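1. Okay, predicted coordinates and the sequence, questions at the end:
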Amino acid sequence: MSSTGNPSSQGAIRRLERAQQEASENAAEFWGRAAQAIDWFTPPNVAFDDIEGWFPDGKLNTCHNCLDRHVAAGRGGSTALIYDSPVTKTIKRYSYSELLEQTGRVAAMLKNLGVAQGDRVVIYMPMVPETVFAMLACARLGVVHSVVFGGFSPLELAKRIDDATPKLVLTASCGIEGGRTIAYKPLVDEAIALTSHPVQNVVLLQREQVAATLNPYRDIDWMELRTRTIGDEIPPCAPVAATDPLYVLYTSGTTGLPKGVVRENGGNAVALAWSMENIYGIEVGDTFWAASDVGWVVGHSYIVYGPLLVGATTVLFEGKPVGTPDPGTFWRIIARHHVKSFFTAPTAIRAIRKEDPDGRLLGQIGTGRCQAIFLAGERADPDTIDWLEQNSGLPVIDHWWQTELGWPAIATCIGLGDRRRKRGSAGLAVPGYEFAILDDHGKPVAEGDSGNVVIRAPLAPGAFRTLWNNKAGYEKNFATFPGFYETGDAGYRDLDGFLHIMGRTDDIINVAGHRLSTGQMEQIVASQDGVAECAVIGADDPIKGMIPIAFVSARTGHDGDEALASRIVEAVRDELGPLAALKKVHVVPQLPKTRSGKILRNLLRKIVNSEPFEIPPTIEDTSVPAAIATLVEAKSAK
């Protein structure tokens, strides 16, 4: 078997296989035992119900499990949260007692404004401790939070506000993205002006980098509200049903409308606690760092909830892998805070490698007590893994999951003692997930052959069981292959059981960990004056994993419009925000199409990525020269 690192002991392999088998054959007993790691106000008697889901008769509170119980157990003085911000040159540490106090104060603030169990709160904030306080405070009250990535465009924020219908929006005056400061308040104001849902209040945290002007009829200063409620009692943890939503997290949809993934309290707590110990090898008192953002599912699961559920220390990082101040930032933080397991995206490692190709800073600083590096967000190419392993001396583990799942479904479970891995593979199926590789007709393909990656239903605890206000959209995920969840990814399973995720089967592309819809971009491009036809495809990129590239044929009379490409780039940025990263627009005489008029996007994708391709027999004859012209344009653009 082509693997890297020391082979696992036979005992470790047997432990993993036993866990996989039990989770498959007796899931209720397996997860019922895992649920004992959680404090329950009402312990569940039923682990799973076909209609109600996981732990349907149990009651708990996620904030209690993250904070109160650890303080009650005498660990109040242990470090819970480390805030490390190289962009503001700030490091703060919060013990479990201090984090409980800060969270309680924010919960009192929310209660003062009339927020109650079941209400929604949108959090549009940067990577600062108050963001964590706010998420945990919502969980404490039984309020459903919806975190929106700070700096997201007003239109996208407005869509999420209209769908979640929150009482409040919590925000800050600005975020700091590398070397630039982004004022949030104008974005929030514009978003609210676009919404049909009335937002009761905006609570704003003023940061010293940018001062925001408040609307006296709607906006409230965060610190003034905190001072006003300082004498209020800290609200107790509200008992909520295991099946009650903890949060709604929006992810890109193929229609241009966001999908609100609903995460339930009980399944989330059980799954994350299990994963911290058994996948990442993190226990009480260990330090874990996920170099992500709380606007993503990684930030929810492995900056805020997962580490705190098991009594570990979590790191909140405000900065970038390069430029804050240099490509040694990650290694300094790992060494400074004694990080045991580190989680980041391949994009970050590629950016570091570009700036420090010989790993000079990594060699100088080292990785301290770190025992493993985990990668996720997009496929980790073998060359990047090899570079990182050679320069760090640590096992580098690619693993795979989605916003919908909430925690890893494919991984190397080092907490179970497993060390097996293959470069190019995301690993083996995690206990609780049963994968199949099916052809388009729902038939299993041969081992090693590529097909649709699907997961047998019901999904493991922690995975979504609905979409907010969109039951039909949720059911669509199980409609193509009855009895299976359609991941939307293509891949294969090799003879050793390793799963290889090769790319999306739909129009969602992964740009530096952001899932973006090329179909949504096409709608924007097509609406621009002068555009006759267009196609947006995902091209491989050595830093971001993928980037969007647009191909446009101009309308008659606009052939010489030199500003067309720049207008398109600006329009996509204005509507979707800078995360869309569309910077390359090729204006071509004609797009390659079939005789029925379907644009051959797959052909364009292969041309751009310099992959072998054949002109399909269904192509419209007159568009063959255009396809060749496109090939020349695309290759020069790479």
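-> That came through, no problem.
2. alpha carbons only for contacts and neighbour counts from here, please
-> Will do.
3. burial count for residue 217?
-> 9 (other C-alpha atoms under 10 Å).
4. per-residue confidence for it?
-> At residue 217, the model reports a pLDDT of 94.
5. likewise residue 504?
-> So, for residue 504, pLDDT stands at 71.
6. now do the one 4 residues further on
-> On the pLDDT scale, residue 508 is placed at 68.
7. Please apply the same query to residue 2.
-> 43.
8. I figured residue 163 hits residue 470, correct?
-> No: if you go by C-alpha atoms under 8 Å, residue 163 and residue 470 don't touch, sitting 9.8 Å apart.
9. Comparing these two, which residue is more hemmed in?
-> residue 163 (20 against 13).
10. is it true that that one lies in a strand?
-> No: under DSSP: H, G, I helix; E, B strand; the rest coil, residue 163 sits outside any strand and is assigned helix.
11. quick one, phi psi at residue 207?
-> Note on residue 207: its backbone torsions stand at phi -110, psi 150 [degrees, to the nearest 10].
12. Next, the contact list for the closest residue in space to it that isn't next to it in sequence, please.
-> Take residue 207 and drop its neighbours on the chain: the residue closest to it by C-alpha to C-alpha, 6 or more residues apart in numbering is residue 173, 5.9 Å away. Shown in contact with residue 173 (C-alpha atoms under 8 Å, 6 or more residues apart in numbering): 183-185, 204-207, 210-212.
13. among those residues, who's most crowded?
-> Busiest of the contacts of residue 173 [other C-alpha under 10 Å] is residue 204, holding 26 neighbours.
14. partners of that one in the sheet?
-> In this entry, residue 204 is beta-bridged to residue 171, residue 221, by DSSP bridges.
15. Would you confirm that it contacts residue 174?
-> No: look at residue 204 against residue 174 with C-alpha under 8 Å: they stay out of range, at 9.7 Å.
16. Which members of the contacts of residue 173 occur in helices, if any?
-> residue 185 (DSSP state H).
17. Domains in this structure, by residue range?
-> Per automatic domain parsing, the structural domains of the chain span 10-435, 508-637.
18. For stretch 527-540, list every residue counted as buried.
-> 530-540 (16 or more other C-alpha atoms under 10 Å).
19. Let's verify residue 71: helix, strand, or coil?
-> Once three-state DSSP is applied, residue 71 turns out helix.
20. what's it in contact with, if anything?
-> Counting by C-alpha under 8 Å, 6+ apart, residue 71 has contacts 77, 96-97.
21. Switch these over to TSV; also include distance to residue 38, pLDDT and neighbour count.
-> Shown next, in TSV, are the contacts of residue 71 (distance: C-alpha to C-alpha, whole Å; pLDDT from 0 to 100; neighbours: other C-alpha atoms under 10 Å):
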residue	distance to residue 38	pLDDT	neighbour count
77	21	98	13
96	17	98	27
97	19	98	21
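22. So, low pLDDT: which residues of this protein?
-> 1-7, 253-256, 506-508, 515, 556, 579-580, 594-598, 613-638 (pLDDT under 70).
23. quick one: strands adjacent to the helix or strand residue 534 falls within?
-> Using DSSP states H and E, residue 534 sits within strand 531-541. Each strand that pairs with strand 531-541, with its direction, by DSSP bridges: strand 545-554 (antiparallel).
24. now the partner strand, how far from the chain's geometric center?
-> 24 Å (C-alpha atoms, centre = their mean, to the nearest Å).
25. Dump it to PDB, keeping only the CA atoms.
-> Extracted C-alpha coordinates of strand 545-554, given in PDB (Å, rounded to 0.1, in the frame of the first residue of the first chain):
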ATOM      1  CA  GLY A 545      -7.300  25.200  -5.200                       C
ATOM      2  CA  MET A 546      -9.800  26.600  -7.800                       C
ATOM      3  CA  ILE A 547     -10.600  30.000  -9.200                       C
ATOM      4  CA  PRO A 548     -13.500  31.000 -11.500                       C
ATOM      5  CA  ILE A 549     -12.900  32.000 -15.100                       C
ATOM      6  CA  ALA A 550     -15.600  33.500 -17.300                       C
ATOM      7  CA  PHE A 551     -15.900  33.000 -21.000                       C
ATOM      8  CA  VAL A 552     -18.100  35.600 -22.700                       C
ATOM      9  CA  SER A 553     -19.300  36.200 -26.300                       C
ATOM     10  CA  ALA A 554     -20.300  39.800 -26.900                       C
END
